[in-house]
Structure formats: C-alpha cells, structure tokens
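A.B. asks: kindly generate the corresponding structure for this input.
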Amino acid sequence: MTDENGQIIREDIVVTLTSSAGKFIGADQDKDQGGFQVVARGGEFTATLQSDIKPQQVRVRAAVESIRTQNPFRRDRDVIKDSPFFGQRGVLNDTTFPQQTDNSIIEKFKDTPIEAYTQVEFTTYLRPSLTTGVVNLRIGARGTNYWGSFREFVPEDLDEGTEVDLDAAVFATGKVGEWLFTGAYNSDRPLNQDCEGNVRLFGKPDQQCEQQYPVYGDSSTVTSTAPSIDSVYLRFERSSPVTGAEPDYAMWGDYNTEEFARTSQLYTATNRQLHGFKGNFSFGPVQITGLYANNIEGYERDIIVPDGTSGDYFLSRRLVLPGSESVYLEEEEINRPGTVLDRKQLFRGRDYEIDYNRGTVKLYNSRFAIATQPFGPTKVRRLVISYQPDEGRETSTLVGGRVQFNISQETENKTFLGGSYLREYQDGQDFELYGADFLVSLGNGSQIVGEFARSSGSLLNGEDGTGNAYRLEAIGNIGDRLNARAYYRSSDEGFSNNATFSYTAGQTRYGGSLLAKVTDTTFLTAAYDYEENFGRSLGFTPFFDIFNPEPPAASFGSRVNNELETIRAGILQKFNFIGRLADLSLEYVNRSREDRVGDQFEGDASQLVSRLKLPLTQSLTFQAQNELNLDDSDPLYPNRTTLALDWKAYPGVTFRLAHQFYDDSSVLRGNSITSLDTIVEHKFSDDTILSGQYSVLSGFNGLQGQGAVGINHGARIAPGLKLNLGYQYVFKNIFNNNAAGGVFQTSVTGSNTASLGLFAGSVYSVGLDYSDNPNFKAGAKFEYRDGDDDDNLVITAAAAGKLSPALTALVRFQQAGGANIPVYLPSSTSGFVGRVDDLADAINLRFGLAYRDPNSDKFNGLLKYEWRQNYGSIPEFYTDRGSNAHVLSAEGIYAPNWRWEFYGKYAFRLATSGDLGNNQSNDSNTQLAQLRATYRLGYRTDLAVEGRWIGQDFDSGSDYNQFGVAVEGGYYLTPDLRLGVGYSFGSVDDDRDFGSYRSEGGFYVNISLKLNELLGGFGLQKPVPRQQRESEIPTASRQPTNGAQNSQSKLIRRLRQTQARTSPATQLQTPQSILIERLKQVQALAVQENTELQKSTIELINSLKKLSAFRRFSGGEK
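C.D. replies: Predicted coordinates for the structure are as follows:
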C-alpha cells in the first residue's frame, strides 16, 4: 500500500477489502466494520477470496480508511456486490456512468480513503460429473397415493380404477469437453415449487417470513443451482477463450438481464428477472447475447416516497409473482425531477422482505425522504419497485438480443460499442425498445458514453406512443490540474422504458463544467446547465384500493413548455484549521427562466452560495451552506441555509445532525427540515459481514435470524454493541409545482417522478444491536412517524442463542402499519381515511427451539410458536380489518438404533377473522397429527407404517376431517433398485359440502430406482484410489521441508516457553511435553504421506486449546 504521494506505508495499518463477488475467508481484524479487514505490514498484505458458483469477472477494492484525502480528479467507483442469494444480482461489475449536473463538481470535494482496485476472474469449475435423482413407478388404486400430493389424495372428483404413475426427478452436473453441464428435471412439479405449492423465480425462500421454522439447529444454507419455474433447467457454460470476456453459455431456466444493463446504458437498459432461454457467446471481440421469455404476466413499476420508517409499503397490485421484483433506492435533486444522482439496488433477504400475497414491502433499514447535504443540493429519495403481477392474466412473450464489439476488456480502460433490441407482446399490446450505445475510456480517469434509444408501444394512459431518447456524456482529466465534464440528455414525450432509471419524458438537459487546480489549496469552478421541459406533465394516479387494487390508469396533466439556464462560477480555498485542512468556497449562480405557457416559471435571479467545512476534531466536522438571493428570488431556489454536524462513528459510518430552513418564494412555502441520520458509504457492502456476524454456530443463518433487525451500521458503544439513531422533521408539506408539472402525490406508477411530493411530519428511530458473543445475538429497533398523512409505528426485535450445546432458541417480533397510505392530500382524502384506518397493523411474533445434540444423533426436535395479526390476509370492504392466527407446531425424530426410527409431528392453528359484517365471523381451528415408524429387518428389507389426521372446525358448524394411513414393505434388489408393496387408505368427512363423505383404499406396487449415473457412465463417482503406504526409508534419512521445519520448530519453541512458565520443574509429563514429542515425530516425518500423525497432532492441539493448557498459543495449523 502506498500513500497519496506514492510512498510505501511502512507502519502496520488496517486495510479494508470488498469485492463484487465471492467471500473473503479467514480472520476479520474488525468484525464491527463493514467489509473485510486485514493488517498490512511494510505496505504488504495477503488475503484469500473464496469464489462462488458463478464464473465472472470480479473487481476487488482495497482501502485504508484511516488515511483520507480529497482528490476531485479521481472518478468514484463502486464495487457492486452481488446478493448472497442466487438469482439477485447486481449489474456485473459495471458501475453505471453517473448522470452529470451543474452541481457534480462541488460533490467531488469530499474526503475519500486511499484505495486501489484490481480484477480477478472466477473461471468455470469443470468439476467431476455428478448425477443424483430417482425414477419411481407406482401401480395402484387411483387417488390412494399417500406419499404423493395432498390435493391428489382422495380428491373430490375421485375416479375409481387402477392408476399407473411414472415420475422422475434428476439432477446432473459435470464436465462435457471444455464445457460445464448443469441440468435438472422433475416430471411431477416445477423445480422451484416449495412445500406450500408456491412457485417463484429463482426458487429459494430466502426471507425469514417464509422459513417453516426460525431455527433448524444445523446452520445449514441452500444455494439454488438449477432454478426454473417449469420442470426443466439446462445450462452449458465455459470460461471464454477470449481474454477478459464474460463466460460463454446457453441455458433454459430463470435468469437476469445483466448483459442488457451496461455502464453506457440508461434509456436502453433492462433490469428484469425472467424465465426462458438465454445465451451469451464471444467470438473474438464480438459478444452476442440473446434471450427469450414465454410466461410474463405483465410488468408494473411503482415509485414510492418513503415516509422515514421501514414500512409496510403497499404496491399498486395485491398479488405479485414471487421472485420477479427489482427494488432500487434512487436519489434526485429536490424540485429538479428527471436526473437520478444516485441509485442503489436493494436485495431481498438482506435489505427488505416482501409479502407476495399482500403486495407489501418492508425494509430492514428505514429511509428518510429527504437527504440534506451541507455541500451540494438537497436530495429526495424514492423507492422504485418493478415486478410482475400474479393475477392469472394471459402470459406474454419477450425476445431480445444484443451485439457488443469489445475494443478493450481491461478494467480501467474498458471500451466497447453495442446495440440492443427488445420486444414484448401481451394482450394485443406490443412494446418495442431498441438502440445503440458506446463507452470509450481514454485513460487517466477519462471516459465518454453515448446512447440512442427508441421505444414504441402503449403508454400508461392506454395511448400508443413512440419516442426517442439521446445521451452523450464525458468526463476528462487534462493533466493533473484540469477536469472537464460535458453532458447531453434528451427524451421525447412519447418515450417509455419502465425497466431502467427513473426519468422525465419530455425533457432535454445539457451542459458542462470545469474544475481547475490553481494551487494545492485553491480551486476554481465554472459550470453551465440548460434544461427544457416540453409536452404534457404527468397526471394524477387514482387512489388504488389497498384491499382490491385495480390496474391504475395514469393520465396526462397540463401542458408544459419552459426552459431554465444556469451559470455558475466559484472558488474553493483550503486552509489550515487547528492542524487540519478546512474548506471555504464562494460561488455565484445565475438562473434565467422562460415559461411559454404561463408566467409561473419566468424570471431571472442570482444567488451567492457560500460553504464552510471545519474539522473540529479527528471525528467531528462542522459544515454550513448558505444560498442568498441578490435580488429577485427564483421560484424553486429561495434563500436557504443548511447547518450540519458530522460525527464519524466508525470508518464508513457517519452520524449527521442537520438543519435546513428556507424562505417563501412564488411557488414554495417557507419550510424547515431537521434530521439525524446515519450515512453509510456505498463501498461497504452489507452482505460482506451480515451472514458471519449474525449467525449462531449450529443454530441458524444470520440473514434468516436476527440479522434482519437492520442495525448493520451504527455507533459502536461497546465491543459488538451498536447504537443507531434517526430523526427527521419536515415542518410543512412539500406539494408544489415544478418545471416538469405539479407535485400532488406520494406514489406513482411508471418512470416519471415529477409529480411526487411529501407530507410534513416527524420520524423517530432508535435501535440497539449486540453481536459480540458467538452464542448469543440480540437486537431491537423502534420507529415512529407522526405526520400530516397518518401515523405509523414499526417495532422490530429479535434475540437468538444457544441455551446449551444441543439447544438453540430464537424469538422475533415485528409490527408495522401502512407507510404509504393514503396517497391523496389531506384535503381530498375524505371517503378513504375511514376505510384505511380500519386496516390493523401487521404483527408477527415467532419463537423457535431446535434440539440437536452434537455428540448423539439419536433424537432431534423442533418447536415453533407463531402469532400473526393481519398477515397474509386481504380484508373485504367496510369490515373489521383485524384477523389473528396462532400456530403451534412440534416435530421430532428418534432412532434408538439402526433398525428403528420413529417420527412424529403435531400442529395446531387457531384463526379468528373478526367481524365480517352482519354479525358474521369465520373463526376456525386446524390440527395436524402425523406418526411414522420404520423397522429395518436387514440391509435390504424394511417395513414402515404411517398415519396422519387433518381436522378443521369452524364456528359456523361446518367441519372437515381427513384421515390417511399407509403400510409398506420394501426390498432392495440392488443398492439402487427398491421394490415396495403396500396398502394405503384414506377418508374425507367434509361438512362444508352438505355432509359428504368419501373414502378409498387399495394395494399398490412401488418400484424406485436411485440414479447415480446416466448414459456412458456420466455422473458415476469413481472410488478414491487406495492411498500409498508409508515408505520404509529410515526416518533419519528424511529431511523435512523448509515450511515444515519453520512452522513446527516455531511451535515447539513456543510450547517449551509455555511449559517453562506453567509447569513445575519436577513434573515429568505435561500436555505440552506430550505435544512436543508428537511434533518432533511429525517434524522428523515431514512428508505428505504422514497425514494420520499430522491429523492426530492437530486434534491434540485443538483439545489442549479447549482445556486452556497454553493460553497464549493460538496455533492449530499444520
């Protein structure tokens, strides 16, 4: 590592590592800090990055957070971290080219750590072939398959007779030439179907609310390698023979569209989760990608203004196709819609959870609607959620292709030219999007991007629209003293693309800026910006019924035709303040407006903008910004003052207390905003620390357990104990016109944010998190909003730990109301507020116990209790919205010996629905009991008997009871082929259907074949070759290797020192002396074949460590 002057940092220093994929393994020097920490000595360090299952190019960042500098000529880069869950991916390593504005230069003056980047490649692992699966043939009475689907056992439309049923489920992977093949097939169900019958894109139920039990007792994790919402998954892939190119592959299954969202793409970008065919191949510098999807049920995009709490945020549709959503957090300048200044992808299970049956999203970390910046413009935040509704509509097809000519594949000098095409057809509506883009890297941090896009299809108001969009942006360093930026962006009124950044259709914006370094402490800035708004503004989005939403038909509003011309010129001076560098700047801003429709946005105004940044201590900084109008006030830029105090609680984590107030203008009402917020640098990827920090060994995965409380960053008040505080107060509603139209709502569908405003109110949040004890984790967070729109209370708490080596417990509580209800202004919500208030908060309490003795596997048990209020229910109109459910379940398995195995399960659910109107209710209780016994007569023969009962009682008097039993005996003809004969019987007594009763029983024959190879022996695991015996060469003639000599000799010396301090001189045998003798033998026999002695030595070391035989020794390595 070198400093800003290129000199090697000789002293020991902590380096923070982050990567766009994979996981760093080893000892993290500071688990409370984001990323992975290693110690560099003499400017050097080593670390191990563990690859994941996806071959890709990986960007690695190393930073020294304790040494921070200001370098406005360096381009910011983000290491986009893939989600820890398969199927949720960032956009490869492509950081989207930032959209420039006239304020971009000012934002470059911020402290950044010393950092460096490198790139590695995860290549395709051509592993030995593996095949697993089963083929099952059943011949027996129809409707009596006890071991099959519940809905097919004694069904209502029972057709008597004999049924022949052949099922197969198989998974295979392995090397085929230079390609890796992965495939899966299930003849009976979709591959992604879970135990509840739900089918989701990418399969894995990675949310805590979807786990059957909060704890399992084994810390097991699942990685879906063959996700598909139908019965087939196929994939052939290889590492491309072209250096630096992405892998070649062809596949059928679930996939993302990362190849259609490159650095250079804004208007033509597509970020979606789809199912079907996809292929990507490189032929020299030419890369070709094609995709086809055949089962899309529409595509929706909601933009929601966060209210400062975690949720719940209601979508405009109630049923969502599981796994189809993409969630982003966008920021743009307040009252200047159309330019996204920052965009961060949020991941399910790490950043949020979603209820697909209610259409609600709950964040793990609350988000304020306003981000007050002491240096730069005030920003507003939006939640952008795209998804497929799951409403049984006619499915559509989508085809797309992209051709990209890669001129340079180097990380720092990536250059390419590409073109893309996408077409989607559904219900007679045709959408088409195509365009071309390029990226040119000129070195020294200089880049140029360009793009042309054209769309045609139905708009949000049902009209057909066609439009173009253009983009050309450049960032360049001329030497080390001049930075130049230029940009041009324009989109026609009829242009549409809901799978990319938010933008304002009917807007043109262009300009440029210069930054000159006069001396090491003096900088000059100049900028020009032109913005034109034309066409029609976005109309009002009708209030969607949260209980039964219909597709919202957005309309167009009034016509707009105005322009804004901005000129900036300023100076920034750095000076020494109590031994630290402070910043002082003064800037002249002139804004000239012309309104061709009315006179609301007409006039000429000038401002003086002064900024001050004073570092009071190493971690405390005071910042201030004042915007003073010299004569007339601009309609959207009145006199404004911002004061802020930043406390750097930890590297990458800053607490900011800020207050902003501004005067009245012709459009804005005077207002004030106070906030206390936690600022987390983007380059700290949350998922690099969560799973390890919040997991309890042999208990549960942290992401599914306590880690979802959301206090991942905060002030460390003790080792492993973090405090998180948040507060924001907006004095008045911000619903005013802007140059792109009126502001009158807090939720909108589509891509246009011009009509979004926010309500006045205050938000409080406080949280504590403890994760220092490896056997106990706890956290709690309280959030409350008191606003003009509505109040919302959010409580999240969780605790988990090991009560004993065999017993793990977890408890979790969550409560949240509707965060974005209502969407109308207070003066126009009559007729809706009463109904909305009837919707009770969603509450969920879970308690779980898992018993698993690490020393004996004879008995394992699980216990769960859950209370749900208003979870998973969709109430009807004008009724009591409260519904409650209590669920208690327990199961256990006991195997006293290898012959006997007993299994039992019991579950009880008590549900109350409240008042359904007309003094009616629908309370019920449901019970499930299941018992199974298995006896093995020998290694080839087994007997089993199982019975279950499901009963449901309603207070209306209609009951339901199902009983089933099965007896089966089996004989293994071969280790993989089993013949089973049995008898099954089932009956259903259903009072709901006028007292009907049905039953069926009969004998059956079952033939099961376990697969471990396919054609040509593919998948057959060859036995491991017999290990070579130790050589008979006398030990005295062997010379240990240098590595063994060094490590073992060092260990012997340390043990002798420990023995001398802790053992009496007269003691002949101590644990240390035994270990020394054992190590001498290993040292004398330092060859690879002597693994048994090495293994036993390591076991002895570890056991001595547990007994504290030598406290200061932390060895255990070979």
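A.B. asks: where along the stretch 601-750 of the chain do the helices fall?
C.D. replies: Assigned by DSSP state H, counting those that start in this stretch, the helices in the stretch 601-750 of the chain fall at 690-693.
A.B. asks: poorly predicted segments of it, please.
C.D. replies: Applying pLDDT under 70 to the stretch 601-750 of the chain picks out residues 681-714, 741-744.
A.B. asks: residue 121 contacts residue 57, doesn't it?
C.D. replies: Yes: contact status for residue 121 versus residue 57: in contact at 5.6 Å, counting by CB atoms under 8 Å. (Each C-beta comes from the backbone N, C-alpha and C, glycine too.)
A.B. asks: shared neighbours, the two?
C.D. replies: Counting by CB atoms under 8 Å, 6 or more residues apart in numbering, the shared contacts of residue 121 and residue 57 are residue 244.
A.B. asks: need the nearest residue in space to residue 421, chain neighbours excluded.
C.D. replies: Of all residues not flanking residue 421 in the chain, residue 434 sits nearest, at 4.3 Å (CB to CB, 6 or more residues apart in numbering).
A.B. asks: wasn't that neighbour part of a helix?
C.D. replies: No: counting by DSSP: H, G, I helix; E, B strand; the rest coil, residue 434 falls outside a helix, being strand.
A.B. asks: isn't it up against residue 267?
C.D. replies: No: in this structure, residue 434 is not within contact of residue 267 by CB under 8 Å, at 10.7 Å.
A.B. asks: out of these two, which sits in the more crowded spot?
C.D. replies: The residue with more neighbours, out of residue 434 and residue 267, is residue 267; 25 against 17, by other CB atoms under 10 Å.
A.B. asks: what about the more buried one, distance to residue 331?
C.D. replies: 19 Å (CB to CB, to the nearest Å).
A.B. asks: what about residue 766, neighbour count?
C.D. replies: Residue neighbour count, defined by other CB under 10 Å, stands at 15 for residue 766.
A.B. asks: contacting residues around it?
C.D. replies: Contact partners of residue 766, counting by CB under 8 Å, 6+ apart, are 723, 724, 725, 726, 781, 782.
A.B. asks: phi, psi of it?
C.D. replies: phi -150, psi 140 (degrees, to the nearest 10).
A.B. asks: what distance do you get for it to residue 651?
C.D. replies: Distance from residue 766 to residue 651, by CB to CB: 23 Å.
A.B. asks: quick one, strands of the stretch 851-1000 of the chain?
C.D. replies: 859-869, 884-894, 900-912, 924-936, 941-954, 959-974, 977-990, 996-1011 (DSSP state E, counting those that start in this stretch).
A.B. asks: taking strand 941-954 as reference, get the angle to the third one.
C.D. replies: What it means is strand 900-912. Between strand 900-912 and strand 941-954, the angle comes out at 10 degrees (axes from the mean of the first three to the mean of the last three CA atoms, to 10 degrees).
A.B. asks: CA atoms of strand 900-912 as CSV?
C.D. replies: C-alpha atoms of strand 900-912 as CSV (Å, rounded to 0.1, in the frame of the first residue of the first chain):
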residue,chain,number,x,y,z
TRP,A,900,-35.8,-48.5,14.4
GLU,A,901,-36.8,-45.0,13.5
PHE,A,902,-39.8,-43.1,14.9
TYR,A,903,-41.1,-39.7,13.7
GLY,A,904,-44.0,-37.6,14.9
LYS,A,905,-45.4,-34.2,14.2
TYR,A,906,-48.3,-32.1,15.6
ALA,A,907,-49.5,-28.7,14.6
PHE,A,908,-52.4,-26.5,15.8
ARG,A,909,-53.7,-23.3,14.3
LEU,A,910,-56.4,-21.1,15.8
ALA,A,911,-57.6,-18.3,13.5
THR,A,912,-60.1,-15.5,14.2
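A.B. asks: residue numbering should commence at 54 henceforth.
C.D. replies: Noted, 54 is the first residue going forward, which turns the last one into strand 953-965.
A.B. asks: mean confidence score for it?
C.D. replies: Strand 953-965 carries an average pLDDT of 94.
A.B. asks: next: the second one.
C.D. replies: The pLDDT scores in strand 937-947 average 94.
A.B. asks: give the buried residues for it.
C.D. replies: Buried residues in strand 937-947, counted by 16 or more other CB atoms under 10 Å: 937, 938, 940, 942, 944, 946.
A.B. asks: show me the contacts for the residue nearest to residue 474.
C.D. replies: Residues near residue 487 by CB under 8 Å, 6+ apart: 321, 472, 473, 474, 475, 506, 507.
A.B. asks: and with 10 Å instead?
C.D. replies: Counting by CB atoms under 10 Å, 6 or more residues apart in numbering, residue 487 touches 321, 453-454, 472-476, 505-509.
A.B. asks: just residue 666 next, same as before
C.D. replies: Residues counted as contacts of residue 666 (CB under 10 Å, 6+ apart) are 162-164, 427-428, 625, 627, 630, 634-638, 674-678, 697, 699.
A.B. asks: what bridges to the nearest residue to it once chain neighbours are set aside?
C.D. replies: Distances taken as CB to CB, 6+ apart put residue 636 closest to residue 666, at 4.0 Å, once the chain neighbours are dropped. Assessed by DSSP bridges, residue 636 has beta-bridge partners residue 627, residue 666.
A.B. asks: show me the one of the strands of the stretch 904-1053 of the chain that comes nearest residue 433.
C.D. replies: Smallest distance to residue 433 across the strands of the stretch 904-1053 of the chain (CB to CB): 32.9 Å, for strand 912-922.
A.B. asks: hang on, the earlier thing: can you work out which residues contact both of residue 487 and residue 320?
C.D. replies: Counting by CB under 10 Å, 6+ apart, the residues touching both residue 487 and residue 320 are 505, 506, 507, 508.
A.B. asks: can you redo those as JSON lines with pLDDT?
C.D. replies: Below are these laid out as JSON lines (pLDDT from 0 to 100):
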{"residue": "505", "pLDDT": "97"}
{"residue": "506", "pLDDT": "97"}
{"residue": "507", "pLDDT": "96"}
{"residue": "508", "pLDDT": "94"}
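A.B. asks: so residue 227 bridges to which residues?
C.D. replies: Beta-bridge partners, per DSSP bridges, of residue 227: residue 234.
A.B. asks: and it, how many neighbours?
C.D. replies: 19.
A.B. asks: same question for residue 399.
C.D. replies: When neighbours are defined as other CB under 10 Å, residue 399 has 23 of them.
A.B. asks: need the contact list for it.
C.D. replies: Applying CB under 10 Å, 6+ apart to residue 399 gives the contacts 136, 141, 378-382, 405, 414, 416-418, 420, 436-438, 739.
A.B. asks: let's see it at 8 Å
C.D. replies: Here residue 399 is in contact with 380, 381, 382, 405, 416 (criterion: CB under 8 Å, 6+ apart).
A.B. asks: of the residues you listed, which belong to strands?
C.D. replies: The members of the contacts of residue 399 that map onto strands under DSSP state E are 380, 381, 382, 405, 416.
A.B. asks: distance check, the last one against residue 834.
C.D. replies: Distance of residue 416 to residue 834, computed by CB to CB: 11 Å.
A.B. asks: rewinding a little: save the contacts of residue 399 as TSV, and put in pLDDT, distance to residue 1037 and neighbour count too.
C.D. replies: TSV is the format used below for the contacts of residue 399 (pLDDT from 0 to 100; distance: CB to CB, whole Å; neighbours: other CB atoms under 10 Å):
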residue	pLDDT	distance to residue 1037	neighbour count
380	93	46	21
381	92	51	18
382	92	53	19
405	89	44	24
416	90	48	23
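A.B. asks: can you list those residues in CSV and add distance to residue 96?
C.D. replies: Output for these, formatted as CSV (distance: CB to CB, whole Å):
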residue, distance to residue 96
380, 41
381, 39
382, 37
405, 41
416, 41
